[in-house]
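Chemist: Mind looking at a prediction? Sequence and model below.
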There are 2 protein chains.
Amino acid sequence: MAEPLKVGVAGLGTVGTSVVRLLEDGRDKLIARCGRPIEVVAITARSRAKKRGADLKKYRWVADPLTLARDPSIDVLVEVIGGAGDPAKAAVEAALAAGKPVVTANKALLARHGQKLASLAERRGVALNFEAAVAGGIPVIKTLREGLNGNGFARIYGILNGTCNYILTRMEQDRIGFAECLSEAQRLGYAEADPTFDIEGHDTAQKLSILASLAFGTKLDPDAIYVEGISSITLADLDAAEELGYRVKLLGVAVKTEAGIEQRVHPTMVPKDSAIAQVMGVTNAVTIDAEGLAPITLVGPGAGGMATASAVVADLADIARGVCSAPFGRPAARMTATRKAPMQHHEGGYYIRLLARDRPGTAATIARRLAQQGISLESIVQRHGAAAEKRAPSGRSGEPVPVIMITYATSEDAVRRALSAVRRDRVISGQPQVIRIEKN
Amino acid sequence: MAEPLKVGVAGLGTVGTSVVRLLEDGRDKLIARCGRPIEVVAITARSRAKKRGADLKKYRWVADPLTLARDPSIDVLVEVIGGAGDPAKAAVEAALAAGKPVVTANKALLARHGQKLASLAERRGVALNFEAAVAGGIPVIKTLREGLNGNGFARIYGILNGTCNYILTRMEQDRIGFAECLSEAQRLGYAEADPTFDIEGHDTAQKLSILASLAFGTKLDPDAIYVEGISSITLADLDAAEELGYRVKLLGVAVKTEAGIEQRVHPTMVPKDSAIAQVMGVTNAVTIDAEGLAPITLVGPGAGGMATASAVVADLADIARGVCSAPFGRPAARMTATRKAPMQHHEGGYYIRLLARDRPGTAATIARRLAQQGISLESIVQRHGAAAEKRAPSGRSGEPVPVIMITYATSEDAVRRALSAVRRDRVISGQPQVIRIEKN
């Protein structure tokens, strides 16, 4: 049998310990599939003393990630420390510089330094694999990198954050408000103590920048992404979506437009019968629209120790078999600068929910402001709801009335201008709610 | 730039011409992704004179597939002729024997001779790639072969035949009977003039045998598969499924049981909220249950020139990059003989629809026969339907009454015995309808 592939694991949280366990338990399967064993030979983490519920004593402990990366006894570094800075960054750079392939689950590092790391890997002729960095157990990196090579891509979008999808699912199915769902997700360990990174869409944006780069051959640019989170979504929005034939999902969307690559993360109305609308709870999903092909949707576990470890081990198996693909599917020198399509040029349908003052002329004013921006309405629903019960004989209660509108395709710019004008007219109370619609 | 990869294409139907076009149109993308061009240098098909709606004059025409396979000017053979026998088989064997990698979309050839061809490819150290053979545009072969390497598989199942799924979708959504849907599918070109191969599940069985071999490391054995088609499915079954929270899909299922690998193709009740139940029309889908992981579902176009060609080109790109995986994910010598789990030992829930004679004691008789086989019922529905309108004052019309039962998990054997006994009791008319339930 060929020599074993000797692995150093940096980071021993849920993912790191799961990788060690999966390499042990799957040893025979991996020999069968790769023709050689894959063996952990050294490990490191911040604290050696921490209880990890796994027998790690048999592995050689190394002082720190950088030392591990440079250790001559390892052939490949698994980096599951996380974070865009050191020690993860220094360790990955050191391993690549020493001509060692790297497997990482670190989306923050890739989103920020992916370009430079890919160039370094390429110069040294070694693999930089990161299937685990996006949508955990779903093989979306491999599919984009190797699965659809002759086709250009038109669009890629997905549910990339399990926390947000869990919250939206729970709100919709059990009619519980956002804040309560978030607390519950925190109790269950689906959301961090500081949930901002997930809830406000930043986690999705990092992952999207990686997918966009693979799909469109552009340089990674997380700052080019328009980002809006789910904290403003209310039960009223979910009810309206249901009635109109949509569901609300936090999507990351990268799409080729005439103006360039549009990258955006925001709550999105998706048709209820689309594959992506069926994705519930912490599950992730990615839809790939390749040019000339019907969409492909991949659905599966987005996080969790085993799902992420499974992706790390698949990446190691490729290395054990001698496969070395360009990290972002093409030579780093061929990756082009992103021509950003600015968000105000985004075109699509919009859901708009306003609280209109219940007095004569309001509807006419709103309609005129939309018309002035060339916006046509597919549907408009005005609900009196509870307020209507006690309304005056005039038919008006004086209380604000929700008005829900679905527009035909228009531009972000037009919607923003129209709503500014409506606000200036003082015919609505509060902020208008705007949710973009993504058709399948 | 490195030398081009020189391709010979055998077979110029929809898929073959699409491959030629995609290699032309995607030339620059492929150079970017593979570091070298992929060029068609020679072609062949049964008739040179046939109109193909593509300009193929610039490619050298070779007399026949075998000559093409042996042609020293080609580096790799694309076989999209189809059929388990010659000329496809002879051409693939000749190319492999000459040390040339082969890309094929030929499920029949692989199901029948995959074992031998994989051994031959391995001996010559060349790739035998067949992403296009199962679920066209969905990268399921790559996912099973490379995407989840450390994990064992517990179950794999899917909608692998677009014709059947189109018919079942149309029946369900538009309340049209099986025969009419089939004629329509034939008119639209979704079904062959002789639809038996699709409708009776044989196409699904060939594809399933390939997936099962990849997932479980067993030798290909299409004869080990229990096969049942969709021609007996009625609107009454679809209505009952709807009411009970299921949809009916033709699934290919391979599952690891204590008795061995169970492989079966049959109409199946799947929970309405499962990912697979959302798959409509000619779309295909595959769900992979890896051990210790939440299920992964891949959904996409299962057939069509572009989808299939896209898979062929992705396989060529792997070859251009020098990737050579074992055809079935492990060395041929490590593939084990399938320990077949016989269908009568299958365990699961069952949907049973009977036409019971409307007379005293019928229900008691049916219930007793099921109980004698240890079968417990999750639900039972008896419908008088139209007949009930005109029933006699006794409450009985004398006409047979549909009885629909859902069982808890039981064995195929028990169900067959119980229904034989019920038939012998002469309390039902016609054949009982039995549809197996697959839980997600």
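Modeler: That came through fine.
Chemist: Tell me the gap between stretch A:310-320 and the middle of its chain.
Modeler: A distance of 22 Å separates the C-alpha centroid of stretch A:310-320 from that of its chain, computed with C-alpha atoms, centre = their mean, to the nearest Å.
Chemist: Touching that stretch from outside, list them.
Modeler: By C-beta atoms under 8 Å, 6 or more residues apart in numbering or on different chains, the surrounding residues in contact with stretch A:310-320 are A:5, A:7, A:15, A:19, A:22-23, A:26, A:30, A:33-36, A:38, A:76, A:78, A:80, A:101, A:103, A:105, A:127, A:129-132, A:136-137, A:139, A:142, A:325, B:146-151, B:290, B:292-293. All C-beta spots, glycine's among them, are computed from the backbone N, C-alpha and C.
Chemist: Around chain B, pick out the residues from the stretch 1-150 of chain A.
Modeler: A:22-23, A:25-26, A:29-30, A:32-35, A:131, A:137-139, A:142-143, A:146-150 (C-beta under 8 Å from any C-beta of the partner chain).
Chemist: now do the stretch 251-400 of chain A
Modeler: A:273, A:275, A:278-280, A:283, A:290, A:292-301, A:304, A:306-307, A:309-310, A:313-314, A:316-318, A:321, A:323, A:325-326, A:329-331, A:334.
Chemist: In strands, which of the contacts of stretch A:310-320 appear?
Modeler: Counting by DSSP state E, these place A:Leu5, A:Val7, A:Ile38, A:Val76, A:Val78, A:Val103, A:Asn129, B:Ala290 in strands.
Chemist: okay, among these, which ones form the most distant pair?
Modeler: A:Val76 and B:Ala290 (22.6 Å; C-beta to C-beta).
Chemist: Could you check which of these two is surrounded by more residues?
Modeler: Between A:Val76 and B:Ala290, counted using other C-beta atoms under 10 Å in any protein chain shown, B:Ala290 has the larger neighbour count: 25 against 22.
Chemist: any idea how far chain A is from that one?
Modeler: According to C-beta to the nearest C-beta, to the nearest Å, B:Ala290 and chain A sit 7 Å apart.
Chemist: burial of the closest residue in space to that residue that isn't next to it in sequence, as a residue count?
Modeler: Of all residues not flanking B:Ala290 in the chain, B:Asn151 sits nearest, at 3.9 Å (C-beta to C-beta, 6 or more residues apart in numbering or on different chains). Look at B:Asn151: counted by other C-beta under 10 Å, it has 24 neighbours.
Chemist: do the same with A:Pro101
Modeler: That count, for A:Pro101 with other C-beta under 10 Å as the rule, works out to 24.
Chemist: Chain B versus the residue nearest to A:Gly35 when sequence neighbours are not counted, what's the distance?
Modeler: Excluding its sequence neighbours, the residue lying closest to A:Gly35 (C-beta to C-beta, 6+ apart) is A:Ala2, at 5.8 Å. Using C-beta to the nearest C-beta, A:Ala2 is found at 12 Å from chain B.
Chemist: from memory A:Ala2 sits against A:Asp75, does it?
Modeler: No: in this structure, A:Ala2 is not within contact of A:Asp75 by C-beta atoms under 8 Å, at 11.9 Å.
Chemist: between those two, which one's more packed in?
Modeler: Ranked by neighbour count (other C-beta under 10 Å), A:Ala2 and A:Asp75 place A:Asp75 first, with 21 against 11.
Chemist: Got phi/psi on the more buried one?
Modeler: phi -90, psi -30 (degrees, to the nearest 10).
Chemist: before we move on, back to that, so which of the residues of the stretch 1-150 of chain A next to chain B sit within helices?
Modeler: Judged by DSSP state H, helices contain the following of the residues of the stretch 1-150 of chain A next to chain B: A:Leu22, A:Leu23, A:Asp25, A:Lys29, A:Leu30, A:Ala32, A:Arg33, A:Cys34, A:Lys142.
Chemist: Grab the longest helix from chain A for me.
Modeler: The helix that spans the most residues within chain A, counting by DSSP H, is helix A:107-124.
Chemist: list the helices and strands it packs on?
Modeler: Using 3 or more C-beta pairs under 8 Å, 6 or more residues apart in numbering or on different chains; DSSP states H and E, the elements in contact with helix A:107-124 are helix A:88-97, strand A:102-104, strand A:128-129, helix A:202-216.
Chemist: May I see the buried residues of that helix?
Modeler: Within helix A:107-124, the residues that qualify as buried are A:107-115, A:117-122, A:124, counting by 16 or more other C-beta atoms under 10 Å in any protein chain shown.
Chemist: Now do the contacts for A:Ala108.
Modeler: By C-beta under 8 Å, 6+ apart, the contact list for A:Ala108 reads A:Gly82, A:Gly83, A:Ala84, A:Gln206.
Chemist: For B:Glu242, state which of these is nearest.
Modeler: Checking the contacts of A:Ala108 against B:Glu242 with C-beta to C-beta, the nearest one is A:Gln206 at 41.8 Å.
Chemist: separation between that closest one and chain B?
Modeler: Per C-beta to the nearest C-beta, A:Gln206 is found 22 Å from chain B.
Chemist: before we move on, what about A:Asp55?
Modeler: Applying C-beta to the nearest C-beta, the value for A:Asp55 to chain B is 18 Å.
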